[in-house]
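[1] Sequence and predicted structure below; questions after.
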Amino acid sequence: MLNMMKIQKDMPLLEHYIYLNTAAASAMPQPVVDVMASYLQKQASIGPYFPSFRQEIYAQVERIREKSALFIGAKKEEIAFVPNGSMAINYIAGGLQWEQGDEVIVLDTEMLSNYVPWLALQQQGVQLKVLKTNAEYLVDLQELEQLITPHTRLIAFAHMSNAAGALQPAKEICQLAQQHHVLTLINANQTVGLTPIHVAELGCDFLVACGRKWLRGPEGSGILYVRQALISALTPIMIGWGSTQWDYQNDEYSFLETAKRFEPGCPIIPSILGLGAAIDYANAIGIHSIYERVQQLTNYLVEQLSTIPGIVLYGPQNSAHRLSITPFNIEGISPDELTNELAERGVIIEAGTFMANTIMERNQISQMARFSPHYFNTFEEIDTAVSFMKEIRAKAQDRY
Ligand SMILES: Cc1ncc(COP(=O)(O)O)c(C=O)c1O
């Protein structure tokens with residue numbers, strides 16, 4: 001059960017704004033800000049390396065690793081902290097030992113960060129194959145199976161596209177991949193903190209997620225999950241203290257046997273602490289409650305948006321296939337203009353290509369506007385946003 005009073009109290013911006021852009025990044029709840037601020041304040045008072053303080057902080061980082069693992073059904077050793085989803089994808093693209101002729105499958109709904117790193121592997125003789133999703137932007141498992149060949153090494157797919165909002169059947173995709181001995185990477189940037197996720201049940205090999213979106217953690221936080229059996233097969237693309245052992249006498253080095261091998265150098269302590277507090281916050285609400293509330297808000301949003309004359313909604317037409325992310329255009333008004341007009345009225349949404357160019361092409365548009373409500377939003381806020389949009393549209397019509 002959501003305690004909306006507390007949730008809203010923990011989010012000071014709601015006094016002035018309606019925030020409907022979690023797909024870009026959410027605002028952090030106050031307890032997350034407090035944990036980070038208190039760390040920064042203490043390190044300003046006694047210095048970051050005051051011995052007992054530093055030891056306690058490192059112990060805290062390891063507790064957060066355990067907590068992050070539990071949150072997605074993984075083991076502590078399988079989790080690395082990363083600054084964002086893009087870097088985590090690069091650790092996998094750059095860390096697997098590719099062979100000439102290997103094939104990687106991605107979806108036609110990917111944004112740049114889960115497309116170009118695979119495209120770049122062409123230089124190593126790897127072929128990128130793009131699966132066309134169906135009319136609902138979903139993976140058709142038969143089509144996927146047809147694309148798999150004995151050379152297919154990996155299927156890397158967004159659990160939910162940032163510019164379509166279709167939630168993919170991740171478990172079924174991973175099962176199919178397993179049957180063909182193909183590895184799977186779930187790009188869960190748009191789902192961790194929004195839907196229940198259990199990597200062991202999903203059966204994926206890798207999963208990446210940033211902390212700043214649905215988890216409501218800080219910018220510069222994220223996690224990389226690597227299935228334990230694959231850790232030693234994934235060579236880190238970066239080397240540094242904390243992840244690497246150096247045998248100075250013999251001029252040799254080796255990487256740690258855990259996913260910590262993907263954490264070279266000084267950890268970004270404030271972000272990791274913030275991520276831990278964000279996971280606590282999500283756990284206190286309950287991931288199932290979050291998921292159900294966002295489903296309800298999504299259905300209502302789609303219903304209400306559909307009452308705006310001249311609106312075109314992109315992504316799945318059946319709301320049951322969509323979660324939160326609802327891209328659209330309104331005839332006669334550019335997405336940028338609409339976004340700016342709404343911002344002037346205190347409603348924050350976003351417009352752009354979202355670096356998901358294939359989705360723009362599919363809809364023959366150059367840009368779109370996008371709503372992405374989270375559990376802290378209300379049905380009343382959606383009503384307000386929609387009534388502003390009607391007003392803005394009417395004003396735009398008067399120009400003609
Ligand atoms: C679906 C998807 N994949 C990948 C990314 C890239 O993640 P990051 O910005 O954390 O590097 C994003 C971020 O917007 C995204 O929405």
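    Okay, I see it.
[2] From here on, just use CA atoms for contacts and neighbour counts.
    Will do.
[3] Look up the closest residue to residue 181, ignoring the ones flanking it.
    residue 153 (7.9 Å; Cα to Cα, 6 or more residues apart in numbering).
[4] Nearest to the ligand within the stretch 201-350 of the chain, name that residue for me.
    residue 210 (4.7 Å; Cα to the nearest ligand atom).
[5] quick one: the strand or helix carrying the residue nearest to residue 181 near the ligand?
    Using DSSP states H and E, residue 153 sits within strand 152-158. Yes. Interface with the ligand: strand 152-158 contributes residue 158 (Cα under 6 Å from any ligand atom).
[6] So what's the gap between that strand and the chain middle?
    From the chain centre to the centre of strand 152-158 is a distance of 17 Å (Cα atoms, centre = their mean, to the nearest Å).
[7] what's the answer for stretch 283-297, then?
    How far stretch 283-297 lies from its chain's middle: 17 Å, per Cα atoms, centre = their mean.
[8] any idea how far residue 32 is from the residue of the chain most remote from its centre?
    Largest separation from the mean C-alpha position in the chain: residue 249, at 42.9 Å (Cα atoms, centre = their mean). The gap separating residue 249 from residue 32 is 45 Å, by Cα to Cα, to the nearest Å.
[9] Where does pLDDT dip in the stretch 1-150 of the chain?
    Across the stretch 1-150 of the chain, the ranges flagged by pLDDT under 70 are 1.
[10] mind listing the strands for it?
    18-19, 79-81, 103-107, 127-131 (DSSP state E, counting those that start in this stretch).
[11] Reformat these as JSON lines; add distance to the ligand and mean neighbour count.
    Compiled in JSON lines, the strands of the stretch 1-150 of the chain are given as follows (distance: least, Cα to the nearest ligand atom, whole Å; neighbours: other Cα atoms under 10 Å):
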{"stretch": "strand 18-19", "distance to the ligand": "17", "mean neighbour count": "22"}
{"stretch": "strand 79-81", "distance to the ligand": "12", "mean neighbour count": "25"}
{"stretch": "strand 103-107", "distance to the ligand": "11", "mean neighbour count": "24"}
{"stretch": "strand 127-131", "distance to the ligand": "16", "mean neighbour count": "19"}
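[12] In space, what's closest to the residue of the stretch 201-350 of the chain closest to the ligand - neighbours in sequence excluded?
    Nearest-residue entry for residue 210: residue 222, 3.9 Å, with adjacent residues in sequence omitted and distances by Cα to Cα, 6+ apart.
[13] Can you get me a residue count around that neighbour?
    29 (other Cα atoms under 10 Å).
[14] In contact with the nearest residue to residue 115 once chain neighbours are set aside, which residues are there?
    Closest residue in space to residue 115, ignoring its immediate chain neighbours: residue 106 at 7.0 Å, by Cα to Cα, 6+ apart. Residues near residue 106 by Cα atoms under 8 Å, 6 or more residues apart in numbering: 114-115, 128-131, 155-157.
[15] can you redo those as JSON lines with distance to residue 195?
    Formatted as JSON lines, those follow (distance: Cα to Cα, whole Å):
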{"residue": "114", "distance to residue 195": "20"}
{"residue": "115", "distance to residue 195": "23"}
{"residue": "128", "distance to residue 195": "29"}
{"residue": "129", "distance to residue 195": "28"}
{"residue": "130", "distance to residue 195": "25"}
{"residue": "131", "distance to residue 195": "24"}
{"residue": "155", "distance to residue 195": "21"}
{"residue": "156", "distance to residue 195": "19"}
{"residue": "157", "distance to residue 195": "16"}
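[16] and which of the residues you listed is nearest to residue 121?
    residue 128 (8.2 Å; Cα to Cα).
[17] Contact residues of the protein facing the ligand?
    Counting by Cα under 6 Å from any ligand atom, the chain sits next to the ligand at 24, 84-86, 111, 113-114, 158, 161-162, 189-190, 210.
[18] wait, residue 11 sits on residue 28?
    Yes. The pair residue 11 / residue 28 is scored as a contact, 7.3 Å apart, by Cα atoms under 8 Å.
[19] Counting neighbours, go ahead and name the busier of the two.
    For residue 11 and residue 28, the more surrounded residue by other Cα under 10 Å is residue 28, and the numbers stand at 25 against 15.
[20] and that one, what are its phi and psi?
    phi -80, psi 140 (degrees, to the nearest 10).
[21] ok, now which ones touch it?
    11, 212, 216-218, 278.
[22] Let's see which of these end up in helices.
    residue 278 (DSSP state H).
[23] Which PyMOL command selects the buried ones in the contacts of residue 28?
    Per 16 or more other Cα atoms under 10 Å, the buried members of these correspond to this PyMOL selection:
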select buried, resi 212+216+217+218+278
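[24] Can you give the domain ranges for this structure?
    4-30+286-398, 32-284 (automatic domain parsing).
[25] same for the strand holding residue 153, what does it pack against?
    Applying 3 or more Cα pairs under 8 Å, 6 or more residues apart in numbering; DSSP states H and E, one finds that strand 152-158 makes contact with strand 103-107, strand 183-187.
[26] centre of the chain versus the last one, how much separation?
    Centre-to-centre, strand 183-187 and its host chain are 13 Å apart (Cα atoms, centre = their mean).
[27] packing partners for that strand?
    So strand 183-187, by 3+ Cα pairs under 8 Å, 6+ apart, packs with strand 152-158, helix 170-179, strand 206-210.
[28] Now do stretch 373-386: everything it contacts.
    Against stretch 373-386 from outside (Cα under 8 Å, 6+ apart): 4, 7-8, 18-22, 214, 290-291, 293-294, 297-298, 300-301, 304-305, 308, 324-325, 342, 347.
[29] swap that for stretch 306-321, sorry
    Taking Cα under 8 Å, 6+ apart as the rule, stretch 306-321 contacts 135-137, 163-167, 298-299, 302, 305, 322, 326-331, 363, 386, 389-390.
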